[in-house]
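K.L.:
One predicted model, sequence on top.
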Amino acid sequence: MEKITSTQNAKVKKWQHLTTKKGHQKYHQYLVEGWHTVGDALTAHEPVQTLIATGEQLDAHQNDLPDTIEQIEITEEIAKKLTDTVTPQGIFAVVNITAATRVAPAGADGAWLLLDRIQDPGNIGTMVRTADAAGFTGIVFGKGTSSRFNPKVIRSMQGSQFHVQLTEGDLTEWLQTFQTANKPVYGTALNKDAKNFRDVTAGNDFGLIMGNEGQGMAPELMTQTTENLYIPIKGNAESLNVAIAAGVLMFQLNQ
């Protein structure tokens with residue numbers, strides 16, 4: 001097994017690059033961290049190319065790491081270089097970004113969550129995990145939404161990204177394709193024309209758009225949806241966090 005001890009090693013520099021958008025585009029790979037996420041990637045038979053870990057982590061998981069995948073031992077110092085967390089978990093995986101991660105709206109059945117310019121990694125992670133729990137088929141990262149390969153987004157998804165389909169796409173195209181196929185697409189809005197979410201009949205083949213944390217859905221999307229929904233607020237709060245609202249709607253709408 002190869003062991004790397006220098007933070008200036010070329011492979012270390014490449015792995016660091018895999019935490020950036022430019023790195024994802026150049027190498028068509030990304031980095032995941034922590035045994036929980038690495039283990040889920042292996043269980044889901046994701047295209048893991050290389051396993052990177054400290055000696056302590058390699059010993060702890062030696063019975064769970066397949067011999068068919070390259071393993072490289074690193075130092076604690078290198079582990080710190082590969083993460084922006086205060087306490088590195090000491091185990092990483094290099095995962096290939098494959099063409100299979102692109103999904104065409106025409107072939108997308110089931111319930112789909114469409115993210116319109118969602119910025120906060122924590123919100124994205126919560127929505128992906130909730131979509132997983134609510135039985136959704138997949139999530140579309142629309143233009144302006146933080147990348148699904150962003151390290152903070154990856155950590156916040158907690159492995160649920162390997163249980164549902166994730167893709168990037170033009171939300172207008174998804175909306176129009178769904179409606180052409182007579183599949184409803186629900187938006188979210190706080191206005192007099194919106195419909196109480198409890199008045200919608202649950203289904204199993206539809207789209208749900210959640211908009212930007214501060215600005216809500218893009219106006220051009222809002223005018224094209226089947227229905228725009230609102231969640232009645234009984235207390236004095238001005239609004240709900242977008243991830244909380246998405247959770248309420250996902251469990252209500254998916255049959």
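P.N.:
The structure has been received and is ready for your questions. Numbers count the residues shown, from 1 in each chain.

K.L.:
Could you check how many residues crowd around the closest residue to F251 other than its chain neighbours?
P.N.:
Of all residues not flanking F251 in the chain, A134 sits nearest, at 5.1 Å (CB to CB, 6 or more residues apart in numbering). For glycine as for every other residue, the C-beta is placed from the backbone atoms N, C-alpha and C. Other residues near A134 come to 18 when the count uses other CB atoms under 10 Å.

K.L.:
isn't A134 right up against N254?
P.N.:
Yes. The pair A134 / N254 is scored as a contact, 5.3 Å apart, by CB atoms under 8 Å.

K.L.:
tell me, what's touching those two both at once?
P.N.:
Common contact partners of A134 and N254 (CB atoms under 8 Å, 6 or more residues apart in numbering): A111.

K.L.:
so the closest residue to V94 other than its chain neighbours is in which element?
P.N.:
Leaving aside its sequence neighbours, V94 sits nearest to T50 (CB to CB, 6+ apart; 4.2 Å). Assigned by DSSP states H and E, T50 belongs to strand 48-54.

K.L.:
the strands in the stretch 1-150 of the chain, which residues?
P.N.:
2-4, 29-33, 48-54, 70-74, 91-96, 111-115, 138-141 (DSSP state E, counting those that start in this stretch).

K.L.:
now these as TSV including distance to T180 and mean neighbour count?
P.N.:
Output for the strands of the stretch 1-150 of the chain, formatted as TSV (distance: least, CB to CB, whole Å; neighbours: other CB atoms under 10 Å):
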stretch	distance to T180	mean neighbour count
strand 2-4	52	12
strand 29-33	33	23
strand 48-54	38	20
strand 70-74	45	19
strand 91-96	33	22
strand 111-115	15	26
strand 138-141	16	23
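
K.L.:
and K195, which of those is closest to it?
P.N.:
strand 111-115 (17.9 Å; CB to CB).

K.L.:
Name the residues that touch that closest one?
P.N.:
For strand 111-115, using CB under 8 Å, 6+ apart, the contacting residues are 124, 127, 131, 134-142, 145, 171, 174-175, 178, 185, 203-210, 246, 250, 253-254.

K.L.:
let's see 7 Å
P.N.:
124, 127, 131, 135-142, 145, 171, 174, 204, 206-210, 246, 250, 254 (CB atoms under 7 Å, 6 or more residues apart in numbering).

K.L.:
Among these, name the ones in helices.
P.N.:
If you go by DSSP state H, the contacts of strand 111-115 have 124, 127, 131, 171, 174, 246, 250 in helices.

K.L.:
Which one of those is nearest to I154?
P.N.:
Nearest member of these to I154, counting by CB to CB, is I124, at 9.9 Å.

K.L.:
before we move on, the earlier item: ok, the ones in helices among the contacts of strand 111-115 vs E73, which is closest?
P.N.:
Distances from E73 to those, taken by CB to CB, are shortest for I124, at 32.2 Å.

K.L.:
Could you tell me the per-residue confidence at the closest one?
P.N.:
Model confidence at I124, given as pLDDT, is 98.

K.L.:
ok, it to M210 distance?
P.N.:
To M210, I124 is 10 Å away according to CB to CB, to the nearest Å.

K.L.:
got it, and T226?
P.N.:
In terms of CB to CB, T226 sits 15 Å off from M210.

K.L.:
same check, this time on V164
P.N.:
15 Å.

K.L.:
So which of the two has more stuff around it?
P.N.:
M210 (28 against 22).

K.L.:
Which residue is the nearest non-sequential neighbour of that one?
P.N.:
A246 (4.8 Å).

K.L.:
again with K81
P.N.:
Using CB to CB, 6+ apart and skipping the chain neighbours, the partner closest in space to K81 is T7 (5.2 Å).

K.L.:
same deal with S160?
P.N.:
D132 (3.9 Å).

K.L.:
With E220 instead?
P.N.:
T172 (7.2 Å).

K.L.:
tally of neighbours for that neighbour?
P.N.:
T172: 14 neighbours (other CB under 10 Å).
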